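S.K.: Based on what follows, work out the 3D shape:
(chains A, B and C)
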Amino acid sequence: MSRVSTATVEELTVVDAPEPFWNRERRLGAGITVIGLIATFVFGSLAESKTARFTLSPDASGAAISINGQVGAIVFGLIAVALGVVMLTGKARRWQTLLLSLGILAFVLSFLCWQVAGKFLPLVDTLDGSLEYALPLILGALAGVLGERSGVVNVAIEGQFLMGAFGAALVGTLATSVWAGLISAMVGGVIIAAMLAVLAIRFLVDQVVVGIVLNLFALGITGFLYERLMQPNALKYNQPPKMPEWKIPGLGDIPVIGPVLFHANLLVWLALILVPVIHFALKNTRWGLRTRAVGEHPTAADTVGVRVRGLRYLNVLLGGLVAGAGGAFFTLVSTGAFNKNMTNGAGFIALAALIFGRWTPFGALGAALFFGFTQKLAYFLGVAGSPVPNQFLNMLPYIATIIAVAGLVGRVRAPAADGVPYVKS
Amino acid sequence: MTTETAAKPAPPKHKEESFLSLFLKNLWSANTFTVTALSIFLALVIGAVLIVISDSAVLSKFSYFTSRPSDALNASWDLISAAYADLFKGAIFDPAAFQAWFDGTGTWQAAFGPISETLTYATPLVFTGLSVAIAFRGGLFNIGGQGQAVIGCVLGGVAGFAFSLPPGIHLIVALLFGAIGGALWGFVPGLLKARTGAHEVITTIMLNYTAALLLSWLIEQKGIHDPARSDAISKAIHSSAELPALPSPLRVHLGIVLAVLVTAGVAWLINRSSFGFELRAVGVNPPAAKTAGMSVAKTYTLLMVVAGGLAGLGGAVQVLGTADKLTDQVAGNIGFDGLLVALLGRNKPWGTLLAAILYGALRAGGNLMQVDIGISLELVTVLQALIVIFIAAPALVKAIFHLRAARSARLGTSLAKGW
Amino acid sequence: MANDHIDITVEPGEVHALLGENGAGKSTLMNQLYGLLQPDEGEILVDGEAKVFRSPRDAIAAGIGMVHQHFMLVPVFTVAENIALGAEDVRGGPLGILDRRRKRREVLETSQKYGLPVDPDALVENLPVGAQQRVEIVKALTRDVDLLILDEPTAVLTPQETDELLAVMRGLAETGKSIVFITHKLREVKAVADRITVIRRGRTVSTASPDTSEEELATLMVGRDVNLEVTKTPAEPGREVLKVAGLVVDDDRGIRAVDGVDLEIRAGEVLGIAGVQGNGQTELVEAIMGLRAIRAGSMELDNESLAGMSTKKILRSGVGYIPEDRSLDGVVKEFSVAENLVLDVYDRPPFGNAFKLNPKAIDDSARERVEQFDIRTSSAEHAVSTLSGGNQQKVVVAREMSRPLRLMIASQPTRGVDVGSIEFIHNQIIHERDNGTAVLVVSSELEEVVGLADRIAVMYRGRILATVSPDMPREEIGLLMAGVAAGVAEEEAAE
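M.R.: Below you'll find the model as predicted:
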C-alpha cells in the first residue's frame, strides 16, 4: 500500500459571502447625499443672494475669493449630493474616506456660503484660529496615544490640562518667564499622570473611574488655590507672560499657510513635530514595538521578557508631560490669566479626537484640526452675527464629537488590552 | 542541561483564636468600614495641609519656623481647628445654638439649621448618585448625570410654572416631567451604545455640555424668562408645584423623604426584579447573558433610560424643592457629586444614600467655613475627590496604615473595563 | 496548593513527558520554571546550579524557552515582529531603531535549520493554528534555548499535524536539546517520550517509561481504576427533530466558516460532530442557537424555522445549550450557584415573571438540583467562582437539563473537567438521549465523540465530509478530520 497523502481532496474555494446591500460605503453615501440635499435646499434657500468674501487678509479689504452666497450654497450642496451618489453606487470602495471627507467639506462650504453671504470671512484668521483651538487638542490626544497604545485608558486629560494651565500661570508669573511656566505646566501634567499610573497600574482601580475622579480632584485643587492665591492677589500670582511668536524667514511669507504655520509660537511647532515623531517611533523603534505589544497582548510581551508595568508607567508619565504642555496653551498663549475650570471640556474633546483618529498620531491630528475648526467657526459666527443663537453654535464641537464617536468612523478598535490592568495569573 | 526541582517540609498550622482578638483583627483589617473611615481621615489630613499652605498669614509664620516653631504650629492648629470646627458646626449642629435654644434665647430652627442644610444638599445627590450606581451595576459609566439633571431641572421647572393644576397633582406632574426629561437625555447615549457601540463616557459628557448650553439659551427665551428681571432667570414655579418644606428659614423639604423611598425602590429593582437580574448579569458578563437569551442591547438602552430618569428626578427635586426658579447654575454640581457619591457608596443603593448625606454634610459645613473664615468652598471638592481616590484604592490605604488583607473593599465597578 | 513538593529531573537530549489530567498542576509547575510564577518553597537547579527565576527574562537567560497552550503571539504583528519582540535587533544607538532586515534573515535561518517553515512577513492573525505554533517554536529557538517546554501543544492540531510535531520534537531532542512535553493524551506520550512523570492533584505520582500500558498510565493519572468506556444501550431514533440544510455562516472576520452544511438529528439519538477546533463547529452551533446570523440555508426544529429567532425564544422552544467555553459565556462567575441555575429561566414561573423574581422558588430548586447533579459546593448561595471547573460545568449541565428538552446541544462538554465529572456528564448526556431528546455533541476529543455518539459527522473546513458509524477505525476518522476522504485513500492504495 502506498503512503497516504495528506493532501486535501476537495479544493475548497473560499468564497466571500455576498455583502448586504447597505454596506458601510452605501450607508455613508446615503448620509452624505442627505446632508447634501439639506445643504442645497435649506441653505440654498435661506442664503441671501449677496457676495460672500473669503479674504486673505484679516480685514474686509484686500484680495479675496468671492462667491455669491446663494449660488455657492447650492453648488456646494450639489457637489455633496454628487459625492454621496457616487458612494451609493457601491463602486468606489477604496476611496471611501476621501469621498467622505470631501462630502463633509462640501457641506461645510455650503454652510459657510450661506452664513458669510453679505459679510466676509478672513481665511488666514480662520485657519490660524482653528490651529490655535486645535493645539491643546492635538497635545491632549497625543498624550492619550502614548498611554492608550500601551494599554492604559486616560480620561484625565482634562485634569492634566487644568494642572498644566494653573502651573504655567503660577510659576510663569512668579518667575516672569514663559519657559519656567511651560516646564511647570509639564510638571503639573505629570503629577496627575503619576496618580493615574499608580492607581491604575499598581492598585488596579478601574481606569475610567480613576480618570474622572482625578479630573474632579484637579478641578477642585486648582479652583481652591486660585481662590486662595490668585483671586486676592492677581498681580503677584496670575499674570503670566505671553509666549512669543517667532517667524521663520522666507517660509513665513508664503501666502495663507505661511502666517499660519511658520509664524507661530513654540507650542504649535512642538505639537506639529511631535505628531510625526511619535508616529515614527511607534512604528520603527524598539520602544514602539514593545509599547504596541503591551497594548495588544501584555501577556505575550511579558513572556518574552518585556517589562509590562514599567513600560506603561513610562508612557503614562510621558503622556502627562505632553498633556501638561497642552494645558500651558490656555494661560501662556490664549487667555493669559488662569480662571476656574477654564478648560471647560477641552480634555474630553481631545479624548474624542483620539478615538476619532483611531488611536494614531496623524489621525488624532486630523480629528483635532477638525474640532478646532468647529470651535473657531462657532466663534466667528457668533461675532459675525449669525441668526443661529450663540449657545447652539457653541454646541457644535460637542455634537460633532457625538456624531464622530457614534459611528461616522465606523466601529473603531482600541488596542486590544486597552483598559485591562495586567495581572499575572 | 539538567534541571531539578527539590522538596522541603510544610510549615506548622495556626492555633485557635479568642473572640476579642478576632474582633480586633477584623476591625484593623481592610474591610469596607475601616477603609472608608480611614480614607475620610486621610482626606482631612491632606485638606488640612492645603488649608495651611494657602493661607499667607500662617505661611509667613513658617518663614521663621526654626527660631520660633510654636508660632507657626499654633497658627496652623488654630486655623485648621477653626476650619474643621466650622465644617462640623455647619453640617451637624452648633453647640452654642443648641444651648441658646434650651435657654430660650434662640429658636429651634437655628438649632436644627445645620442638619436641615445637610439634608437639603444631600437630597438631589441621592438621585444622581443612584443614577450612577444603577448604571455601574449594569456595566455602564453614566457620567451624564449632570446633563440629565439639568434637563430634569428644565422640564420640571417649566412644568412648574407653565401649568395650573391642583396642589398635589401639580407637584407629581412636574416631578414626572423632570424624570422624563432626564430619561430622554439618558436614552440617547443608551441607544447609541446599543446600536453603534459608541462609548457612553464620551457621549454622556458631551451631552452634559450640550444641556448646560441649552439651559442658558432657554432661560433667555420668551415664555420662560422672567419678564420682571433683567438677569438670566426664569419665572418662578407656582406654589402648587412646590415640594412642601419645613417652616423657613429651614430649607429641608419633602424631597428627602422621596429620596429615601426612591432608594428603597432602586434597591428592590436591582435585587428583586427581573430587570435587575438582567442588568446585573449584563454588568458582569455580557457574553454569558447573551448566551442565556438576554438582549444586551435592550438592557443597555433601558438601563440608561432608568438612570437618566433618576438623575432627571433629582434635578426636578432641586428646582421644585430648593431653587424655585431656573438659572444657569440651578443644577450646581449635583451630577458630578453624584458620581463621587455612588463610588463612595460602592454602587449599592443604601450605601449611596449614606454617602450622599456625608457629601451633603461636607457641602453644608463648607459653606459655613467659607462664610466664617474665608476658606474656599473648592476645598470641599478636593476633600470629596480625595475620599473617593482613597477608597478606590484600598490597597493604598492598607499600605499606609499597615492593615491586614481581609476581604478588601472593592469599588463595585467591574475590575477590567476599557473602551 | 497547586504543586505539593514536586521533584522532577530532565536530562539533556531527552523528551520528558509531564502527564496529568486537567487541573493536576502541570502548567503551574512549568510556569514557575519559566519565571511566570514564584515558588513558595523548593529550588530549581540548572546544570547543577541553583537559579531563581523572577521573570521570564531570567528563564530565557538560563536557556529555557516555553511554548504556551494559548499562544503568546500579538495577532496584529507580523511573524518577524513577534519573534523580534523582547530580542530586537536595533541600530541607531540609543534611539533603538529596529533593524528589520537582520531579524528577517535570522528568522529564515532558524526556520530552515530546524525544518519549521514560517513566513516572516505574514500577519499572525491570518495564520492557521499549526503555523502559529511553528512560529512559537521558532521564536523559542532563536533565543538559544537548551530546554524547551511545550504546554499541551497538540490540543488544537489534527492527527497529522500532531505526528509532524512529534517528529519535530524528536528531531530537536536529537540535536541535544531537552524537551518537556505537557499533555493529558496517553497515545502521544507513549509515541514520543523517553520518560514520563505522572502528576496527580499536585503531587508526583511516579516516573514511568513509555512501555507502560495506557490503562496503567490512566490509573496513575487518576488514582483509581478508570472506566474509559461509556456504557449505553443502542439508540432508538424517533422523529426528526433538527434539520439543517445548506447552512452558510461567516465568522467574526467575515470569512466563510460554515460552507453548506446539511444534517439531521432524530429524537433519542446522539449525533457527534468530530473535527479539530476551528473548522466551523463553533459557528455552526452559534448559528443554530441564534447567536450568529446566517448567510444562507435553513434550520428547522420540528418543522418550525429557527432563522431569525431570538436566542431566548429558541431556548424557550425546548433547546438546551452547553456552550464550549463556560468561563466566557456559560456561567456568570460572580453570581451564586442558585442564580446561575436560573440564568435562562428567571423570568418564567415558578422562578419569576416579567417583573420580579421568586427567591424562594429559586433557592428551593437550586438545593434540589445541587443534590441531583452532585454539584460539590457547601451552599447554593456561594459564587460559582468558588467551584472547580468540573462542578461549574455541572451547574451548566444542571441548568439545561432541568427543563423539558427537544434538542440538546453540548459543545466541548468536558473540556477542562476532572475525570470524575467527565463520567458524570457523559452519563447525563446519555440519560437525556434515552429520554427521547435529540442530542448534538461537538467535541475535538475524538474519544469523547466515539464514546457518546450513535452517528458521527466529521467536519472539515466548514463542511461535513462524511457521516460515519462510531465503529469505524480511529485512523480513518482521523484522516477525515484532516480532510482526506476515504475514497482517495483506497484509490491510492490500489495503485
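S.K.: list the buried ones in stretch C:284-294?
M.R.: C:284, C:285, C:286, C:287, C:288, C:289, C:290, C:291, C:292, C:294 (16 or more other C-beta atoms under 10 Å in any protein chain shown). Yep, even glycine has a C-beta here, placed from its N, CA and C like the rest.
S.K.: Spatially central residue for chain A, please.
M.R.: residue A:368 (2.4 Å; C-alpha atoms, centre = their mean).
S.K.: Report whether that one is found in a strand, as I expect.
M.R.: No - counting by DSSP: H, G, I helix; E, B strand; the rest coil, residue A:368 is not part of a strand but helix.
S.K.: Contact partners for it?
M.R.: Taking C-beta atoms under 8 Å, 6 or more residues apart in numbering or on different chains, we find residue A:368 in contact with A:134, A:137, A:138, A:141, A:350, A:353, A:357.
S.K.: Select from those the one having the most neighbours.
M.R.: residue A:141 (35 neighbours; other C-beta atoms under 10 Å in any protein chain shown).
S.K.: so how many other residues sit close to residue B:49?
M.R.: Neighbour tally, residue B:49, other C-beta under 10 Å: 12.
S.K.: re earlier: from the buried residues of stretch C:284-294, which is closest to chain B?
M.R.: Closest approach to chain B among the buried residues of stretch C:284-294 (C-beta to the nearest C-beta): residue C:291, at 6.6 Å.
S.K.: Pull the contacting residues for that closest one.
M.R.: Residues near residue C:291 by C-beta under 8 Å, 6+ apart: B:290, B:291, C:311.
S.K.: need the contacts of residue A:368 in a markdown table with secondary structure, can you?
M.R.: Formatted as a markdown table, the contacts of residue A:368 follow (three-state DSSP):
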| residue | secondary structure |
| --- | --- |
| A:134 | helix |
| A:137 | helix |
| A:138 | helix |
| A:141 | helix |
| A:350 | helix |
| A:353 | helix |
| A:357 | coil |
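S.K.: Mind picking the lowest-pLDDT entry from the residues you listed?
M.R.: Ranked by pLDDT, the contacts of residue A:368 bottom out at residue A:357 (82).
S.K.: if I read this right, it contacts residue A:367, doesn't it?
M.R.: Yes - using C-beta atoms under 8 Å, residue A:357 is in contact with residue A:367, at 4.2 Å.
S.K.: For residue B:171, identify the helix or strand it belongs to.
M.R.: helix B:167-196 (DSSP states H and E).
S.K.: What residues does residue 38 make contact with?
M.R.: Just going to use chain A. residue A:77.
S.K.: that's the other chain; I wanted chain B
M.R.: Residue B:38 sits in contact with B:390, B:397, B:400, B:401, B:403, where contact means C-beta under 8 Å, 6+ apart.
S.K.: Select from those residues the one having the most neighbours.
M.R.: Within the contacts of residue B:38, most neighbours by other C-beta under 10 Å means residue B:397, with 24 neighbours.
S.K.: That one is in contact with residue B:387, isn't it?
M.R.: No - the criterion here is C-beta under 8 Å, and residue B:397 misses it with residue B:387 at 10.7 Å.
S.K.: can you list residues touching both of those two?
M.R.: residue B:39.
S.K.: Among the contacts of residue B:38, which are located in helices?
M.R.: B:390, B:397, B:400, B:401 (DSSP state H).
S.K.: Tabulate the residues you listed (a markdown table), appending distance to residue C:175 and pLDDT.
M.R.: A markdown table is the format used below for the ones in helices among the contacts of residue B:38 (distance: C-beta to C-beta, whole Å; pLDDT from 0 to 100):
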| residue | distance to residue C:175 | pLDDT |
| --- | --- | --- |
| B:390 | 58 | 86 |
| B:397 | 55 | 72 |
| B:400 | 55 | 72 |
| B:401 | 57 | 71 |
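S.K.: So which of the contacts of residue C:291 are in helices?
M.R.: Those of the contacts of residue C:291 lying in helices (DSSP H): B:290, B:291, C:311.
S.K.: The residue of the stretch 251-400 of chain B found nearest chain C: what's its closest spatial neighbour, skipping adjacent residues?
M.R.: The minimum distance from the stretch 251-400 of chain B to chain C, using C-beta to the nearest C-beta, falls at residue B:293 (3.4 Å). The shortest distance from residue B:293 to any non-neighbouring residue, by C-beta to C-beta, 6 or more residues apart in numbering or on different chains, is to residue C:312 (3.4 Å).
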